[in-house]
Each structure stands twice: as structure tokens, then as C-alpha cells.
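*Asks:* quick check, what structure comes out for this input:
(chains A, B, C and D)
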Protein chains: 2
Amino acid sequence: MTIPNTRLSDPIAEARRQWVEHGWADASTGMAIVTSITRAEQLFLKTIDAELRPFDLSFSRYEFLRLLAFTRQGALPLSKASARLQVHPTTVTSTVDRLEDQGFVQRVPHPTDRRTTLVEILPEGRRVVDAATSTLNAAVFASLGLSESEASSLLELLTRLRAAHGDLDEKV
Amino acid sequence: MTIPNTRLSDPIAEARRQWVEHGWADASTGMAIVTSITRAEQLFLKTIDAELRPFDLSFSRYEFLRLLAFTRQGALPLSKASARLQVHPTTVTSTVDRLEDQGFVQRVPHPTDRRTTLVEILPEGRRVVDAATSTLNAAVFASLGLSESEASSLLELLTRLRAAHGDLDEKV
DNA sequence: ACCCAAAGGTAGGATTTCCGACTATTTTAT
DNA sequence: ATAAAATAGTCGGAAATCCTACCTTTGGGT
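*Replies:* Have a look, this model is predicted:
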């Protein structure tokens, strides 16, 4: 661990206290929630990246392979991947570059639309993503340290939160 | 908006279904929670960055100034900031470089320990961080789109989640 | 039929973050 | 008292992400 961990008991609780003290009580819970989410994301990302290192995958590349492996054909236009994963088109380009270098996927021209490029998962990619999924399921996802009912509540609240911020509508 | 948004109603719910279908039901809730947190973080970061753009601040630089403004002396050793914000020392170095260029903070040698450098917030930095805080409180934190009781529950569950992942103990 | 806007993808550049290696200082242990 | 270990900060480099700008192809409106 390279980051020193001399801290008060909880920096977020501390910040919230400051918020209230400064007369921002009405925004203090929101601030604490957003900060907690940021922090939780960092923690999970760190754990997940550590678990994925043996597979030479980052979380985003894992998510990409996972998506690809779930599709019927094992192939997808880059633009579809960009929309599904909600990442910028140029990010998809470089992700695919990397995965192609690793021999996990391959670019294939679209049969009818010559603008479009398909990414196709290769057998090696399928093997790796399945192994990585087993690892993540066992080491991270299977137990987050919450009870069954707490986990359900949390998921529902997070879903509601995403909905409130326009992450579900715009089906198009 | 540069990222196209042609999606199924909810990609996370979709992924969860796939998880169950593949026999990973026991890990499906955990997967959905982690993915939701990642996604929520992206959404908030995007909103916050947009609100902070007029101040020429990123969220991390904002957090840094906010921390500094809360201290008694308006100054802190770099190492303390690294520990409090849980970011890598080299990240602190470059953040301070940037803030110093902007005229928001200034490096000052520690009076007794010649290894240590203090960062001190300047009047302009204080002005900016207070204005930015007002903006964020009004535009983001004050209403997340949840009821009072939902927000309380969510914060408590997130805190429990962080605790379960060792984000609170190690007081040292 | 034809033209122009829209869609798909990539190149180059900027920002942020981490890691490993390094220097300088301070503290600890023998 | 001195050698070894810990602490504080920085430099160079890698990775991920976004943005703007650009090229090619497609498709709709007239």
C-alpha cells in the first residue's frame, strides 16, 4: 500500500459535520452520499483490478469482453458497444486496440454497412472472461459484507438514484 | 452529448438477468450493486465537473481546496492531504502543481521538519472554493431526487458497505 | 437523381491517476 | 554514535479517459 492511512475515524462523517457547521445542513446528506459513492467506487475498483491483474485485464476491458460474450453472435458494432457501456467512442477504439493486441478480440468488417466495424470475441477471449468472471464472483460479488436484505435495499436505492439522474429513461 | 444513448431500458438489470441465467445467482446482486455504484459515480462526476467548469476546477482539485479551507491554519503537509483524501502522493504533487499555477494555493516550507512541505490556501483559492461549494450545494447535493428517508437509508448502507471493506477502521 | 446532414470510426492532444525509482531528511535500534 | 529504516516529496513513464477535428459511407429530402 503506497497511500498512507493515518485518518480520523471517517473523513466523510467529518466533512458532513463541517457542512452542517457552515450552515449547509440541507445539502450535507447529499454531499455525504455522493462522496461515499465516489469512495466506494475507488475501493471496489482497487479490489477488482487486483483480482483481474493475473488475467491481464482492467475492469473496463473485462466489462467489454463480458458484454461481447453475452451477445448471440459474439460480435457487436463498436458503436453499439459505446452505447451499451456508456463510454466515449474514442475510448472504445483504444479498448479494442488493446484487446486486439492481446488476442482476445478481432475487428471484422460489417457485411453490408461499410462504415461499421464489428468486434468479435475470440476463443481465447471467451476463456479469459469466463475465468475472470468466476474469480470476481467468488472474491468480490458473492459477498459484499451486507445481509441479503441490506443488499436488496441498497440495490433498489441505487437504481432509484440512477433513475432520478436520467440513467434509465431515454430508451430511444 | 457525444456518447450515443440507444439502450435497453436498463443495462444493469439486463446484466443481472444474464448472471442469473448463467447460474451465478448468488453473485448477481453484488455484481449489480458494484456496477450501479460505478455508474452512479460516473453520472455524478459528469454533473459535478460541468458545474465546476466555470471555476476552472476539477472535482479532485475542488476536494483538495475544500479540505484546505476547513483546516484551522488553512495549511497542511502534502502527506496529510494524501492520507485524508486517499490519493497517491504523486497525485497530490501534481494536483498542488496545478492549483499553484492557478494561484489558489502556495507551497511553504515546514518550520521545523525540512522534509515536509506545507500547502497553504490563498485568498483567491478560498474565494473560489466557497463559490464552488454554493454552486454544488444548490445544483447537486441539495436534492438527489430521493426522499429524506431514502437518502438516510442510502447513506447508512453506503457507510456500512465502506466499513465492510475496511474504509473506516485503521484509525492509527 | 443529387446534395447535405447524420452516423461510424479513428488520429492527435490534454488531463488525471497510479507505479517504480530516486533524493533528502528524520527517527530508531544496536 | 552510527548504521539502518522510515518518512516526505518529486520525476519519468504507463494507462485510461475524454474532447475536437477529420474522413468515409449512408440515407433522407427535395
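*Asks:* show me chain A divided up by domain.
*Replies:* A:10-53, A:56-134 (automatic domain parsing).
*Asks:* closest to residue B:80 out of the ones you listed?
*Replies:* domain A:10-53 (11.6 Å; CB to CB). For glycine as for every other residue, the C-beta is placed from the backbone atoms N, C-alpha and C.
*Asks:* and the helix ranked longest in chain A with chain B, contact?
*Replies:* When chain A is parsed with DSSP state H, its longest helix is helix A:25-52. Yes - judged by CB under 8 Å from any CB of the partner chain, helix A:25-52 comes into contact with chain B at A:26-34, A:36-45, A:47-48.
*Asks:* got a PyMOL select line for the buried ones in these?
*Replies:* To isolate the buried ones among the residues of helix A:25-52 next to chain B in PyMOL, judged by 16 or more other CB atoms under 10 Å in any protein chain shown, type:
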select buried, chain A and resi 27+28+29+30+31+32+33+34+36+37+38+39+40+41+43+44+45+48
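*Asks:* on that earlier part again, turn the domains of chain A into a markdown table, including mean pLDDT and distance to residue B:76.
*Replies:* Shown next, in a markdown table, are those (pLDDT from 0 to 100; distance: least, CB to CB, whole Å):
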| stretch | mean pLDDT | distance to residue B:76 |
| --- | --- | --- |
| domain A:10-53 | 94 | 13 |
| domain A:56-134 | 96 | 32 |
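*Asks:* which stretch among those comes nearest residue A:165?
*Replies:* domain A:10-53 (11.0 Å).
*Asks:* look at whatever residue of chain A ends up closest to DNA strand C and give its secondary structure.
*Replies:* At 2.9 Å from DNA strand C, residue A:79 is the closest residue in chain A, using CB to the nearest atom of the strand. Under the three-state scheme (DSSP: H, G, I helix; E, B strand; the rest coil), residue A:79 adopts helix.
*Asks:* residue A:119 too?
*Replies:* Going by three-state DSSP: residue A:119 is strand.
*Asks:* my guess is the residue of chain A closest to DNA strand C contacts residue A:116. True?
*Replies:* Yes - at 7.2 Å, residue A:79 counts as touching residue A:116 under the criterion of CB atoms under 8 Å.
*Asks:* quick one: residue A:147 from DNA strand D, how far?
*Replies:* Per CB to the nearest atom of the strand, to the nearest Å, residue A:147 is found 31 Å from DNA strand D.
*Asks:* contacts only, for the closest residue to residue A:59 other than its chain neighbours.
*Replies:* In space, not counting the residues next to it along the chain, residue A:59 is nearest to residue A:48; the distance is 5.2 Å by CB to CB, 6 or more residues apart in numbering or on different chains. Residue A:48 sits next to A:59, A:62, A:136, A:140, B:34 when contact means CB atoms under 8 Å, 6 or more residues apart in numbering or on different chains.
*Asks:* quick one on the thing from earlier: the longest helix of chain A near DNA strand D at all?
*Replies:* No - contact of helix A:25-52 with DNA strand D (CB under 7 Å from any atom of the strand) is absent, the minimum separation being 8.9 Å.
*Asks:* between that helix and helix B:25-52, how many degrees?
*Replies:* 130 degrees (axes from the mean of the first three to the mean of the last three CA atoms, to 10 degrees).
*Asks:* continuing past helix A:25-52, what's the next helix or strand?
*Replies:* Counting by DSSP states H and E, the next helix or strand C-terminal to helix A:25-52 is helix A:59-70.
*Asks:* is that following helix anywhere near DNA strand C?
*Replies:* No - Helix A:59-70 stays clear of DNA strand C (CB under 7 Å from any atom of the strand), getting no nearer than 12.7 Å.
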